[in-house]
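**Student:** Mind folding the following:
(one chain, ligands or ions: 1)
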Amino acid sequence: MNIDGSHYRTIWVKEGNPGTIQVIDQSRLPHSFEIIDLTTVDDFVSAIRDMYIRGAGLIGATAGFGMYIAALDAPDANFDTFIQDAAAKLIRTRPTAQNLEWAVKRQIKAMERESSPGMKREAAFAGARAIADEDSAFCKMIGEHGIVIIEEIARKKGNDTVHVLTHCNAGWLAFVDFGSATSPIYLAFDRGIDIHVWVDETRPRNQGASLTSWELGKHGVPHDLIVDNAGGHLMQHGMVDLVITGADRVTSTGDAANKIGTYLKALAAKDNGIPFYVALPSSTFDWSLTDGVAQIPIEERDPKEVTYITGKGQDSIQDVLICPETTTARNFGFDVTPSRLITGLITERGVCRADHESILKLYPEKV
Ligand code: MRU
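**Tutor:** Below is the predicted model:
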């Protein structure tokens with residue numbers, strides 16, 4: 001996507017240096033735009049675990065490149081063990097995003113098809129680029145399918161402004177390009193639809209405030225930042241036409257795990273008769289699961305993310321304590337929205353109802 005006139009993806013191979021992968025450091029946004037080099041498996045582990053990069057799609061693409069770097073570093077004599085160790089380290093970083101394990105396993109399979117370490121390295125390089133390219137292409141298709149929903153609402157409103165509410169960052173920063181929830185929004189804006197986005201701040205890490213607002217602003221999409229608890233009020237007053245969120249893992253029955261707080265937005269949307277869509281590429285489906293609440297692993301992070309808030313002070317980025325020093329906290333990263341609250345899933349193959357039968361109609365090879 002565009003940053004001040006230059007096209008960026010969120011991850012790429014450094015020009016002239018195939019042993020270095022570069023990413024945008026999202027922990028510095030929106031205050032500072034910095035690029036970091038990842039050259040060892042440990043760099044990849046830290047980038048994912050410590051959230052220099054984040055968002056299910058980008059976590060998957062980063063893991064794909066991490067496996068390629070593991071292949072470069074693996075000694076010929078001990079290649080397979082080294083790869084298995086790297087895979088385990090990467091998978092342990094963040095438990096909820098399905099794309100992570102999916103990408104690691106896809107890379108292992110690609111390497112297993114080859115016989116020599118040299119050929120395995122080449123396969124891992126091609127595989128990592130393919131995962132990234134596919135992520136970008138799938139998100140672009142999500143835009144093409146999702147815009148139909150926005151167009152329909154615009155038509156019904158006599159081309160009055162369409163107000164979309166989104167939670168967390170399911171934008172291009174959460175993928176390689178375009179984003180999932182934002183892809184139809186960007187396309188609608190580019191095609192001249194009058195669109196406005198309510199951006200949930202998304203405590204505790206504030207991905208809405210720091211990342212979604214930044215992205216939308218760079219693209220020129222009108223938006224307003226709101227506190228996490230404002231959505232229900234806006235819905236009651238007819239100020240939201242639809243909700244679109246991303247997802248970190250979706251069961252084969254259509255239950256969707258996404259950033260903590262998504263479920264409450266879905267409940268409020270249901271109560272107010274507002275369509276609630278979840279946008280995802282197929283790499284986010286966990287085909288083995290049938291009950292999201294019972295089966296999707298929910299990441300719990302450092303309580304300091306709750307007790308401190310990070311922001312820009314006079315001239316530096318600072319952490320500020322927001323409760324008594326003795327207060328204890330829990331930090332659940334995600335929640336699950338049951339399929340009954342989801343109007344539809346927007347995928348790269350089209351829009352479907354959030355139920356097993358409809359999902360399998362789009363993905364018949366998974367039957
Ligand atoms: O903890 P994060 O920032 O990785 O969580 C991101 C989200 O919850 C996004 O909404 C999600 O990844 C869906 S879009 C890929």
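
**Student:** Quick check: phi and psi on the residue in the chain that the ligand sits nearest to?
**Tutor:** Residue of the chain nearest the ligand, by CB to the nearest ligand atom: Gly246 (2.6 Å). In short, each C-beta sits where N, CA and C put it, glycine included. Dihedral angles phi and psi of Gly246 (degrees, to the nearest 10) take the values phi -90, psi -160.

**Student:** And it, what's its pLDDT?
**Tutor:** For Gly246, the model assigns a pLDDT of 98.

**Student:** quick one: contacts for it?
**Tutor:** For Gly246, the contacting residues are 55-56, 168-170, 174, 179-181, 258, 278-280, by CB atoms under 8 Å, 6 or more residues apart in numbering.

**Student:** Tally up the residues packed near the nearest residue to it once chain neighbours are set aside, please.
**Tutor:** Leaving out its chain neighbours, the residue that sits closest to Gly246 by CB to CB, 6 or more residues apart in numbering is Ala170, at 2.6 Å. Neighbourhood size, Ala170 [other CB atoms under 10 Å]: 35.

**Student:** so Ala170 makes contact with Ala181?
**Tutor:** Yes. Using CB atoms under 8 Å, Ala170 makes contact with Ala181 at a distance of 3.7 Å.

**Student:** Close to the ligand: what parts of the stretch 1-150 of the chain are there?
**Tutor:** 54-57 (CB under 6 Å from any ligand atom).

**Student:** now that we have those residues, which one has the most neighbours?
**Tutor:** Within those, most neighbours by other CB under 10 Å means Gly57, with 34 neighbours.

**Student:** Would you confirm that that one contacts Phe175?
**Tutor:** Yes. Counting by CB under 8 Å, Phe175 is a contact partner of Gly57 at 3.4 Å.

**Student:** what touches both of these two?
**Tutor:** Here Gly57 and Phe175 have 135, 139, 281 as joint contacts, going by CB under 8 Å, 6+ apart.

**Student:** circling back: name all residues that make contact with the residue nearest to Gly246.
**Tutor:** Counted by CB under 8 Å, 6+ apart, Ala170 has contacts 55, 179-182, 244-247, 258, 279.

**Student:** who touches both of Ala170 and Ala181?
**Tutor:** Taking CB under 8 Å, 6+ apart as the contact rule, Ala170 and Ala181 both touch 244-246, 279.

**Student:** Show me which of those residues are buried.
**Tutor:** For the shared contacts of Ala170 and Ala181, a burial check counting by 16 or more other CB atoms under 10 Å picks out 244-246, 279.

**Student:** Please flag which of the residues you listed sit within helices.
**Tutor:** Assigned to helices by DSSP state H, none of these qualify.

**Student:** Quick check: the farthest pair among these?
**Tutor:** Ile244 and Gly246 (8.3 Å; CB to CB).

**Student:** list residues touching both of those two?
**Tutor:** Jointly contacting Ile244 and Gly246 under the rule CB under 8 Å, 6+ apart are 170, 181, 278-279.

**Student:** which among those residues are in contact with the ligand?
**Tutor:** Restricting the shared contacts of Ile244 and Gly246 to those near the ligand - CB under 6 Å from any ligand atom - leaves Ala170.

**Student:** Now the two most distant members of the shared contacts of Ile244 and Gly246.
**Tutor:** The span of those, defined through CB to CB, is set by Ala170 and Val278 at 9.1 Å.

**Student:** list the residues that contact both of those two?
**Tutor:** Counting by CB under 8 Å, 6+ apart, the residues touching both Ala170 and Val278 are 244-247, 258.

**Student:** How about the residue positioned nearest the centre of the chain: what's its closest non-neighbour residue?
**Tutor:** In the chain, the residue lying closest to the centroid (CA atoms, centre = their mean) is Gly55, at 3.1 Å. The shortest distance from Gly55 to any non-neighbouring residue, by CB to CB, 6+ apart, is to Ala174 (2.4 Å).

**Student:** what's around the one you found, how many residues?
**Tutor:** 30.

**Student:** what comes into contact with the lowest-mean-pLDDT helix or strand in the chain?
**Tutor:** Among the helices and strands of the chain, strand 2-3 carries the lowest confidence by mean pLDDT, DSSP states H and E, at a mean of 87. Outside strand 2-3, the residues that touch it by CB under 8 Å, 6+ apart are 8, 33, 218-219.

**Student:** Can you tell me which of those residues are classed as buried?
**Tutor:** For the contacts of strand 2-3, buried by 16+ other CB under 10 Å: 8, 218-219.

**Student:** Report the buried residues of stretch 76-90.
**Tutor:** Within stretch 76-90, the residues that qualify as buried are 79, 82-83, 86-87, 89-90, counting by 16+ other CB under 10 Å.

**Student:** Would you mind measuring the gap between the ends of stretch 30-44?
**Tutor:** This stretch, stretch 30-44, spans 22 Å end to end (CA to CA, to the nearest Å).

**Student:** So which bits of that stretch are buried?
**Tutor:** For stretch 30-44, a neighbour-count test (16+ other CB under 10 Å) marks 30, 36, 38-39, 41, 43-44 as buried.

**Student:** same thing with stretch 94-114?
**Tutor:** Of all the residues in stretch 94-114, those buried under the rule 16+ other CB under 10 Å are 94-104, 106-108, 110-111.
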